[in-house]
Structures are given as C-alpha cells and as structure tokens.
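Asks: Give the three-dimensional model of this entry:
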Amino acid sequence: MRHKIRGKVWDLEYVRRLPLGARGSCDAPTKPAKRIKIKQSLKGLLKLDTIIHECLHAGLWDLDEEAVEELAADIARVIWKEMDLGS
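Replies: I've put the predicted structure just below:
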C-alpha cells in the first residue's frame, strides 16, 4: 500500500524475511521507488511500534536510531491504550 510521508511516497509492504534481528526497514527518502518493509509475522503492539518506527525514519531521516526507537515505542503505547487495542 502507498503512503505519503512528508511529501514523499513509500510503498509499505509486509515481507517474510529481513536481516537477522530486524523487524522493519525503510529506504532513504532520496531513493526512487522507496519502500518500507515490515516483517509479516509481527502482531499487536509490536507491529504497531514497528510501523511507527519505520514511518519516523521515513519522515525524519536524520533522527538517530535511539531517538526513533524510544519515540516509536512511546507513540505505539499511547495509541494502543487510547484505541483500546489491548482488549
């Protein structure tokens, strides 16, 4: 599915395999035919966290990994609680 993030378009796709330990990946915003890949086996809060994490990379490419990781987890928890997704 296509998504626009900060004026650029990425194709978000679910994949069976990513590099060892990775839950997702995001192409650089300068790359043509940009893709965000999410491991298809993810579920629930971990899936939401990973989608947010990779979207943050897409929109804020210069933000360091530690900041993206912390912010994605915080946003995912807020959405999870507010949407009552844990029930």
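Asks: Extract the residue ranges of this structure that are flagged as low pLDDT.
Replies: 85-87 (pLDDT under 70).
Asks: And the strands in it?
Replies: Using DSSP state E, the strands assigned to the chain run over residues 2-5, 8-15, 24-26, 35-39.
Asks: Please produce JSON lines containing those, extended by distance to Asp84.
Replies: Any C-beta I mention is one placed from the backbone N, CA and C, and that applies to glycine too. What follows is those, written out as JSON lines (distance: least, C-beta to C-beta, whole Å):
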{"stretch": "strand 2-5", "distance to Asp84": "24"}
{"stretch": "strand 8-15", "distance to Asp84": "24"}
{"stretch": "strand 24-26", "distance to Asp84": "25"}
{"stretch": "strand 35-39", "distance to Asp84": "23"}
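Asks: Tell me which of those sits most buried.
Replies: strand 24-26 (a mean of 21; mean count of other C-beta atoms under 10 Å).
Asks: so what strands line up beside that one?
Replies: When pairs are called by DSSP bridges, strand 24-26 turns out to pair with strand 35-39 (antiparallel).
Asks: now the partner strand, how far from the centre of its chain.
Replies: Centroid separation for strand 35-39 versus its chain: 7 Å, with C-alpha atoms, centre = their mean, to the nearest Å.
Asks: what's the angle from it to strand 8-15?
Replies: 30 degrees (axes from the mean of the first three to the mean of the last three C-alpha atoms, to 10 degrees).
Asks: May I have strand 35-39 as CSV, with CA atoms only?
Replies: What follows is strand 35-39 as a C-alpha-only set of coordinates in CSV (Å, rounded to 0.1, in the frame of the first residue of the first chain):
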residue,chain,number,x,y,z
ARG,A,35,9.8,1.0,0.3
ILE,A,36,9.1,0.4,3.9
LYS,A,37,9.3,-3.3,4.8
ILE,A,38,7.6,-4.8,7.8
LYS,A,39,8.1,-8.4,9.0
